[in-house]
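> Return a 3D structure for these sequence lines:
(one chain, ligands or ions: 1)
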Amino acid sequence: MNTITEIAAEPYPYAFDPAHVALLIIDMQRDFLEPGGFGEMLGNDVSQLRRTIEPNRRLLAAWRAAGLPVFHTREGHRPDLFDLPPAKKIRGRSATCIGDPGPMGRILVRGEPGHDIIPELYPAPGEPVIDKPGKGAFFATDLHAMLEHRGIKQLVVTGVTTEVCVNTTVREANDRGYDCLVVEDCVGSYFPEFQAMGLKMIKAQGGIFGWVGDSASIIKTIAGASRA
Ligand code: C5J
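Model (predicted):
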């Protein structure tokens, strides 16, 4: 399938172009999603994020089967923390913060177990992983260059959390000219009200930052798709 196909979405159908689209999976990391990780240690209900794992797994499988490109991101910092802004380190006044020992190694530090992607969605060989020090995937990374080199103009965006790293990334992408389709059952927030509002903000005002759709509609469209 190489033709542009309309996918049901809000605020209006998304013109899915298999020749210029990539799947961008944001921060599906153990420390955010797994029981016993940093997210749960802070008092968050990880089940709110874990409900996205199965829909993401199905979408990723269909995406890979269609031979379409996928990019993964991880939020985290160098072990020496030189890329960690002091403001980010002390924000929240928590007794345990980024770089400190946590339940799954040093919190949000590259190379630590908790920083890595959950096994259910682990990147396949050849799938780029973008390590980002900020909330947005475009800040201080080479993601934009990588997408441009591949001719990518559309991003189907999944991951966590809806109101923080997903929203920030979609806004950054929108300003760089990408058409973003956010997959509502594949993005999650610890807070149900932020999940609802985070999605509403994207599709409001005629799709001010992008579109919102569901994984079943996307899977139906890409089934059997091939870049050949
Ligand atoms: C947060 C993220 N919430 N991936 N990170 O700190 O949304």
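
> So which elements touch the strand ranked longest in the chain?
In the chain, assigned by DSSP state E, the strand with the most residues is strand 179-188. On a contact count with 3 or more CB pairs under 8 Å, 6 or more residues apart in numbering; DSSP states H and E, strand 179-188 meets strand 14-16, helix 47-50, helix 53-65, strand 154-160, helix 167-175, helix 192-207, strand 211-213, helix 215-222. For every residue, glycine as well, the C-beta is placed using N, CA and C.

> Can you list the strands that the fourth one pairs with?
Read it as strand 154-160. Using DSSP bridges, strand 154-160 pairs in its sheet with strand 21-26 (parallel), strand 179-188 (parallel).

> still on that earlier bit, okay, the helices and strands packed on strand 179-188 in JSON lines with distance to the ligand and mean neighbour count next?
Converted to JSON lines, these look like this (distance: least, CB to the nearest ligand atom, whole Å; neighbours: other CB atoms under 10 Å):
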{"stretch": "strand 14-16", "distance to the ligand": "23", "mean neighbour count": "21"}
{"stretch": "helix 47-50", "distance to the ligand": "10", "mean neighbour count": "19"}
{"stretch": "helix 53-65", "distance to the ligand": "14", "mean neighbour count": "18"}
{"stretch": "strand 154-160", "distance to the ligand": "5", "mean neighbour count": "26"}
{"stretch": "helix 167-175", "distance to the ligand": "8", "mean neighbour count": "21"}
{"stretch": "helix 192-207", "distance to the ligand": "10", "mean neighbour count": "16"}
{"stretch": "strand 211-213", "distance to the ligand": "17", "mean neighbour count": "25"}
{"stretch": "helix 215-222", "distance to the ligand": "19", "mean neighbour count": "19"}
